[in-house]
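A.B. asks: Build me a model:
(one chain, ligands or ions: 1)
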Amino acid sequence: MLSMSMCYVFTSMILNRTCSPPQLAGASYLDIHQAGGGIHYTMQHTRTAKQEQLLHSLRIRLFAMLRAGSTLVECKTGYGLDLDTETRMLRAIERARWHDRPAVHVTYCGAHAVPRGHLVSEYTREIVEKHLPTVVSLMHQGEVHVDSVDVFCEKGVFGLEETRTILSTGKNLGLRLNFHGDELHPTGAAELAAELGAHAVSHLEEVSNDGISALVTAGCVAILLPTTAFMLRLKQPPARTMIDAGVIVALGSDFNPNAYCLAMPVVMHLACVNLHLTMAEALVAATINAAHALGCSHRHGSIEQGKRGDLLIVKASRWEHLIYQLGCHADLIPYVVCKGDVVENRCPSYNAAL
Ligand SMILES: N=CN[C@@H](CCC(=O)O)C(=O)O
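C.D. replies: Here you go, the predicted structure:
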């Protein structure tokens, strides 16, 4: 039995691609972004989507994640880039919750990109003066729920100063800090995370040695996303160096149009092959450490008295087969138990016959 915690999903985005993603043809992530593709492209379709469409696509994805064993999911906004659409994404998340199965942690990522035609300084001010106070006030009225605030801290997107301004405002409003950093360039995001007392920073493909030391000292979780480095052909994050230095490493799926993966067993496989984690380390990173990254380890991430009772039954001679057999999780997980109830029992007659 395993306790599987986390999957990280950009939520309610609308995918409308009819051909291969451009990065498969060789363009770099930032080239695509600066030409108005990537996040901007997904944003156009998300802005015009009906609320029911957002809800439907999110429900399908949450259920797929649950079937693949994730019982706690972090949902990020970030494809609206205006208050109205970002808020619609938050409302879709509220409606998609189904008896906490899976449990959902919400991260506001209005600062995922600077909308075209705006200056970064202008949009930063808009997030600080308008987005965050409005979202928090909607939360106090019980209309939406937000746990964390995120910024895509990257050269050419939000710099260190803008990131500091947005995150400090979020922190003062009572939100947890969990943001994108050091993905494509070494920007000093890990050091900033430590300075601000962030709970977690994700990506870190380009983290510096000073950044690694800062994460250790601050106890800030490094959320590594092996599907992204694999699919975007980026440098892999220095996971071994981080673990050996004492960084708390968690794994996430980073489900988004570039990393279309809803299954944590696949993420764990890539973590072992490309990031050189042992299978035991991958298990810890995908369960208790992932729950800790979201401030949920008192309820999730291990099978212990007083926790939710989330577990997987793995149909194999050893649990390691869940990682070893790439892409076979559908056959290997006959049951997912969530809050003590069996919520997925795929094809019982087939399972009985085996
Ligand atoms: N890098 C920034 N954000 C996402 C990708 C979003 C997109 O390109 O649509 C990530 O975490 O991988």
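A.B. asks: Just give the nearest non-adjacent residue to residue 320, would you?
C.D. replies: By the measure of Cβ to Cβ, 6 or more residues apart in numbering, the closest residue to residue 320 outside its immediate chain neighbours is residue 279, 5.0 Å from it. No exception for glycine: its C-beta is placed from N, CA and C like everyone else's.
A.B. asks: could you measure the one you found against residue 319, distance?
C.D. replies: 8 Å (Cβ to Cβ, to the nearest Å).
A.B. asks: and if you look at residue 309?
C.D. replies: For residue 309, the distance to residue 319 equals 18 Å [Cβ to Cβ].
A.B. asks: Where does the closest residue to the ligand within the stretch 51-200 of the chain sit: helix, strand or coil?
C.D. replies: Using Cβ to the nearest ligand atom, residue 152 is the residue of the stretch 51-200 of the chain that sits closest to the ligand, at 4.9 Å. Here residue 152 is strand, with the state taken from DSSP: H, G, I helix; E, B strand; the rest coil.
A.B. asks: these two touch, right, it and residue 159?
C.D. replies: No - Residue 152 is beyond contact range of residue 159, at 10.9 Å (criterion: Cβ atoms under 8 Å).
A.B. asks: what about those two, which has more around it?
C.D. replies: Set residue 152 next to residue 159 and count neighbours by other Cβ atoms under 10 Å: residue 152 wins out with 22 against 15.
A.B. asks: Just list the residues touching that one, thanks.
C.D. replies: Contact analysis of residue 152 by Cβ atoms under 8 Å, 6 or more residues apart in numbering lists 39, 78, 109, 111, 112, 113, 158, 179, 180.
A.B. asks: okay, now residue 185: neighbour count?
C.D. replies: A count of neighbours around residue 185, defined by other Cβ under 10 Å, yields 14.
A.B. asks: oh sorry, the question was meant for residue 119
C.D. replies: For residue 119, the count of nearby residues is 9 (other Cβ under 10 Å).
A.B. asks: Quick check: buried residues in the lengthiest helix in the chain?
C.D. replies: In the chain, taking DSSP state H as the definition, the longest helix is helix 51-67. Buried residues in helix 51-67, counted by 16 or more other Cβ atoms under 10 Å: 54, 55, 57, 58, 59, 61, 62, 63, 65, 66, 67.
A.B. asks: The residue nearest to residue 320 against residue 321, yeah?
C.D. replies: No - with contact defined as Cβ under 8 Å, residue 279 does not count as touching residue 321 (9.9 Å).
A.B. asks: Now do the closest residue in space to residue 193 that isn't next to it in sequence, the pLDDT please.
C.D. replies: In space, and not counting its chain neighbours, residue 193 is closest to residue 201: 4.1 Å by Cβ to Cβ, 6+ apart. Residue 201 carries a pLDDT score of 98 in this model.
A.B. asks: C-terminal to the helix or strand residue 201 falls within, what's the next element?
C.D. replies: Per DSSP states H and E, residue 201 falls inside strand 200-203. Following strand 200-203 in sequence order, the next helix or strand is helix 209-218 (DSSP H and E).
A.B. asks: send the alpha carbons of that next one over as CSV?
C.D. replies: Listed next in CSV are the C-alpha coordinates belonging to helix 209-218 (Å, rounded to 0.1, in the frame of the first residue of the first chain):
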residue,chain,number,x,y,z
ASN,A,209,25.0,26.4,-5.5
ASP,A,210,24.2,29.5,-3.4
GLY,A,211,20.6,29.0,-4.1
ILE,A,212,20.8,25.4,-3.0
SER,A,213,22.4,26.4,0.3
ALA,A,214,19.8,29.1,0.8
LEU,A,215,17.0,26.5,0.3
VAL,A,216,18.6,24.2,2.9
THR,A,217,18.9,27.0,5.5
ALA,A,218,15.4,28.2,5.0
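A.B. asks: Need the residues that contact that helix.
C.D. replies: Residues from elsewhere that reach helix 209-218, judged by Cβ under 8 Å, 6+ apart: 182, 186, 188-191, 193-195, 197-198, 201, 204, 207, 220, 222, 238, 241-242, 245-248.
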